[in-house]
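Undergrad: Okay, predicted coordinates and the sequence, questions at the end:
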Amino acid sequence: MIIRTQALSKTYNKDNIIGPLSVEIPEGQVFGLLGPNASGKSTTIRMLAGVIEPDSGSAQIADMDLSKQANAIKNKIGYVSQHFGLYAELSVLENIRFYASLYGIVDEMRFEHLLSKYELVLYRDVKAGKLSGGYQRRLSLVCALAHDPTLLFLDEPTAGIDPVTRKKIWDIFYTLVSEGKTLFVTTHYMEEAERCNEIAFLNRGKIISQGTPKSIQNSLLNYDIYSFKQAFEHSMLEVLNKHTDIVLINQFGYEVRIMTNKTFHEDPLKHLMQPYVEGEVVLSKTEANLEDVFIALTQEVEE
Amino acid sequence: MSVINAIFKKELLQLKRDPRLIGFIVVMPILFLILFGYALKLEPENVKMAYLDKDRSFFTNLIKTNIWMEGYFQLYEVSSKAEIVEEIRSGRAKAGLYIAADFSSLLIENAQPHLQFYVDGTMPSLTTAMKNNSSSITDDAVTGEMYFLDEESENIIIAQDPFIMDTEVLFNPDEKETWFFLPGIIGVLIMQVALILAGISVVREKENNTLEQLIVTPMTKTQFVIGKTLPYAIISLFEFYFILLLGWSIFDIPMPFEASGYIFLLSLDYIGSMIAMGLFISMISQTQQQAMFLAVFIIIPSILLSGLIFPIEAMPEFIQPVSYLLPFTYFVEIIRGLLIKGTSIADLWIDFAALLSYMLLFTLLSIWRFKKYLH
């Protein structure tokens, strides 16, 4: 295991407690930490990366104790913060050179290799502040990789990035994993979570589920998911909302997805919906996706 | 108009949500008004005056008493004429008085004896005030008293001016104003560069989110502090000598080469203390705006309360400790001593030590604060 935590926690105030977190993450994979805003994702990744100190618990990173061998760990890890944490006035190459030098690396050949590998050659002398959001992310990643770490912590690495660029960044992640690196990624994009080898759901500072995306999808035992074709109809949604067996309603264009309790029966609902639908009401039972699972799990915790 | 109104309201809201900044905006003017309202006086008061009265007669006692009563000077006795100058050179006294042994006899003979005053030429307001106020020593109260005591003697005619006062402006005999101000101005300019640049250095890293990225590297706190401050130290050092050379070549500021080692030591000591202070400002600020305000909070009192323009002795006693809390006060004392007065290092070591203490204190505070700042 490249990361092992035992009851790791951080308390800001009585309403904002992260942990206790006990997780084990194997090496050579992309591990995703999912959660809504303010769930504690950034605090968790910052504790593990050594940016902030946990209040209690312990963690082993690459078989080293986080509290006792922090400096040795720093040479093994790379970290990309949620915000663009590079020097806007320095060029792409100067940023890479600077971060590498903090690890004692002065190897122009390596810098050239990194520029070429991550398609930054054309921007070598461009100031980091002038780069597009996607290239700024790419540069942040390269700076974090300058010392060739085995474990990378990436805090929302694709936030605010268009889908094409996001895909390219994920391609880079897979390349890194194929090279033997482990990636610890936080995100609140469910479609990104599906790209991870393993994920953990974090809600209000607690891990509420952990496993492969598929196993988590299959873990939705207490609810069913139905979908039907229907344009947005406010009065109909109001009726659905009042239905005691319906847990969640999501409108996606002309499709409505509802999550129901196991006690749910289709016919009474069809009857209720009929006044708002032209023709026959067709409800089809469908597979849960990660978002459904996450909402269901969150709801269970809230209850 | 509604757009301007919206922006106006937004700015006010942002200000309202920054309590530290509000504190500076409200507290700073009030504090400065009180501080400077009481402190800033061109008229000297309680200025230390070293004297030697070799005559020790009724007349000289009368003169000394009158000087004391005027409230401008606090007299203390020294043992030789040379010591008077040395006391002023060392900074222990700002003025001096020498009365020769034959003062009374010459006075009685109506030979208009001379009364020798000395004044520290590096204190701009003191020289002017001394000249303006010295006439009070010979006013009617004194001369009338003298005349009254001797009027029964038929052989003695008291002249309208019974004695002549000579005022020697020490160290700056031509009273060049640039000599008054320029040495201190060097310190002000260095303070601006060192304090402000260092003041915003760390907080800028935090605002730009680069600090977090640095923390995860193996860099130590000490490496960070040294690496951050060294460029500003070099820039300040370059600026120090650049302004000094300009002052030398354009304004004829004395350049005592024998003191060049001490001047270099001063530059390191002062720049170090300013940068350490700036660094600490950066560590306790959340935004660059706050850091700038804090720096101004130090710069303005430094200019006005350090003795650069207004004599510290003229300030009320409760203000004087504030002056001695400012590192710039010690810089002014040293630079004037080294460049203009030729003060020996033995008389300046306390000032050097004070600057060094500030440097060490604020460096340690910054390193201590750094950890808290990050987390």
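TA: Good, I have the coordinates. Nothing here was measured: the structure is a model prediction, and the numbers come from that model.
Undergrad: contacts, neighbours, all on C-alpha from now
TA: Fine.
Undergrad: what number of residues lie near A:G160?
TA: 10 (other C-alpha atoms under 10 Å in any protein chain shown).
Undergrad: Next: A:D155.
TA: The burial count for A:D155: 23, using other C-alpha under 10 Å.
Undergrad: Which strand residues bridge it?
TA: Beta-bridge partners recorded for A:D155 (DSSP bridges): A:T186.
Undergrad: residues contacting it?
TA: A:S42, A:I45, A:Y79, A:V80, A:S81, A:Q82, A:V185, A:T186, A:T187 (C-alpha atoms under 8 Å, 6 or more residues apart in numbering or on different chains).
Undergrad: show me the contacts for the residue in the stretch 201-350 of chain B positioned nearest to chain A.
TA: Nearest to chain A in the stretch 201-350 of chain B, going by C-alpha to the nearest C-alpha, is B:T210, at a distance of 4.4 Å. Neighbouring residues of B:T210 by C-alpha under 8 Å, 6+ apart: A:F84, A:G85, A:L86, A:Y87.
Undergrad: Check which helices and strands the one helix or strand B:M283 maps to sits against.
TA: Following DSSP states H and E, one finds B:M283 within helix B:260-284. Under the contact criterion of 3 or more C-alpha pairs under 8 Å, 6 or more residues apart in numbering or on different chains; DSSP states H and E, helix B:260-284 touches helix B:177-207, helix B:221-251, helix B:288-305, helix B:327-336, helix B:349-374.
Undergrad: any idea which of these is most buried?
TA: helix B:327-336 (a mean of 25; mean count of other C-alpha atoms under 10 Å in any protein chain shown).
Undergrad: ranking the contacts of A:D155 by neighbours, who comes first?
TA: A:Y79 leads the contacts of A:D155 on contacts (other C-alpha under 10 Å) with 31 neighbours.
Undergrad: so what's the residue in the stretch 201-303 of chain A that chain B sits nearest to closest to, chain neighbours aside?
TA: For the stretch 201-303 of chain A and chain B, the shortest gap (C-alpha to the nearest C-alpha) falls at A:G205, measuring 18.3 Å. Sequence neighbours aside, A:I18 is the residue nearest to A:G205 in space, at 4.0 Å (criterion: C-alpha to C-alpha, 6 or more residues apart in numbering or on different chains).
Undergrad: if I pick the one you found, what's in contact with it?
TA: Contacts of A:I18 (C-alpha under 8 Å, 6+ apart): A:S9, A:K10, A:T11, A:G40, A:T43, A:T44, A:R204, A:G205, A:K206.
Undergrad: need these in a markdown table with neighbour count, pLDDT and secondary structure, can you?
TA: Shown next, in a markdown table, are the contacts of A:I18 (neighbours: other C-alpha atoms under 10 Å in any protein chain shown; pLDDT from 0 to 100; DSSP: H, G, I helix; E, B strand; the rest coil):
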| residue | neighbour count | pLDDT | secondary structure |
| --- | --- | --- | --- |
| A:S9 | 23 | 89 | strand |
| A:K10 | 23 | 90 | strand |
| A:T11 | 15 | 87 | strand |
| A:G40 | 24 | 90 | coil |
| A:T43 | 21 | 91 | helix |
| A:T44 | 24 | 93 | helix |
| A:R204 | 21 | 87 | coil |
| A:G205 | 23 | 89 | coil |
| A:K206 | 21 | 89 | strand |
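Undergrad: got the contact list for the one helix or strand in chain A whose mean pLDDT sits lowest?
TA: Across the helices and strands of chain A, mean pLDDT, DSSP states H and E gives its lowest value to helix A:290-302, namely a mean of 77. Contacts to helix A:290-302, defined as C-alpha under 8 Å, 6+ apart, come from residues A:190, A:193-194, A:201, A:203, A:208-209, A:213, A:216-217, A:219-220, A:223, A:259.
Undergrad: Any buried residues in that helix, and which?
TA: For helix A:290-302, a neighbour-count test (16 or more other C-alpha atoms under 10 Å in any protein chain shown) marks A:L290, A:D292, A:V293, A:F294, A:A296, A:L297, A:T298 as buried.
Undergrad: Over to stretch A:273-289?
TA: A:M273, A:V277, A:V281, A:L283, A:A288, A:N289.
Undergrad: Filter the residues you listed down to just the ones in helices.
TA: A:M273 (DSSP state H).
Undergrad: among the buried residues of stretch A:273-289, which are in reach of chain B?
TA: Restricting the buried residues of stretch A:273-289 to those touching chain B (C-alpha under 8 Å from any C-alpha of the partner chain) yields no residues.
Undergrad: In terms of helices and strands, where is A:H113?
TA: helix A:108-117.
Undergrad: Going by contacts, tell me the helices and strands next to that helix.
TA: Using 3+ C-alpha pairs under 8 Å, 6+ apart, helix A:108-117 is in contact with helix A:92-101.
Undergrad: quick one: contacts of the helix it packs on?
TA: A:86-87, A:106, A:111, A:115, A:120, A:123-128, A:139, A:142-144, A:146-147.
Undergrad: and if you look at stretch A:139-151?
TA: A:2, A:75-80, A:84-86, A:92, A:95-96, A:99-100, A:103, A:105, A:111, A:114, A:118, A:120, A:152, A:180-184.
Undergrad: Distance of the residue most central in space within chain A relative to A:F201?
TA: Among the residues of chain A, A:T187 comes closest to the average C-alpha position under C-alpha atoms, centre = their mean, at 2.2 Å. As judged by C-alpha to C-alpha, to the nearest Å, A:T187 and A:F201 stand 10 Å apart.
Undergrad: Pull up the overlap in contacts between those two.
TA: With C-alpha under 8 Å, 6+ apart as the test, A:T187 and A:F201 both reach A:L33, A:L34, A:G35.
Undergrad: thinking again about what came up before, and of the helices and strands packed on helix B:260-284, who's closest to A:Q69?
TA: Closest to A:Q69 of these, according to C-alpha to C-alpha: helix B:221-251, at 16.2 Å.
Undergrad: and the closest one, what does it pack onto?
TA: Partner elements for helix B:221-251 (3+ C-alpha pairs under 8 Å, 6+ apart): helix B:177-207, helix B:260-284, helix B:349-374.
Undergrad: From the contact counts, what lies against the longest one?
TA: With contacts taken as 3+ C-alpha pairs under 8 Å, 6+ apart, helix B:177-207 sits against helix B:124-133, helix B:210-215, helix B:221-251, helix B:260-284, helix B:288-305, helix B:327-336.
Undergrad: Please tabulate those in CSV, including the columns mean pLDDT.
TA: Converted to CSV, the helices and strands packed on helix B:177-207 look like this (pLDDT from 0 to 100):
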stretch, mean pLDDT
helix B:124-133, 70
helix B:210-215, 88
helix B:221-251, 89
helix B:260-284, 93
helix B:288-305, 89
helix B:327-336, 93
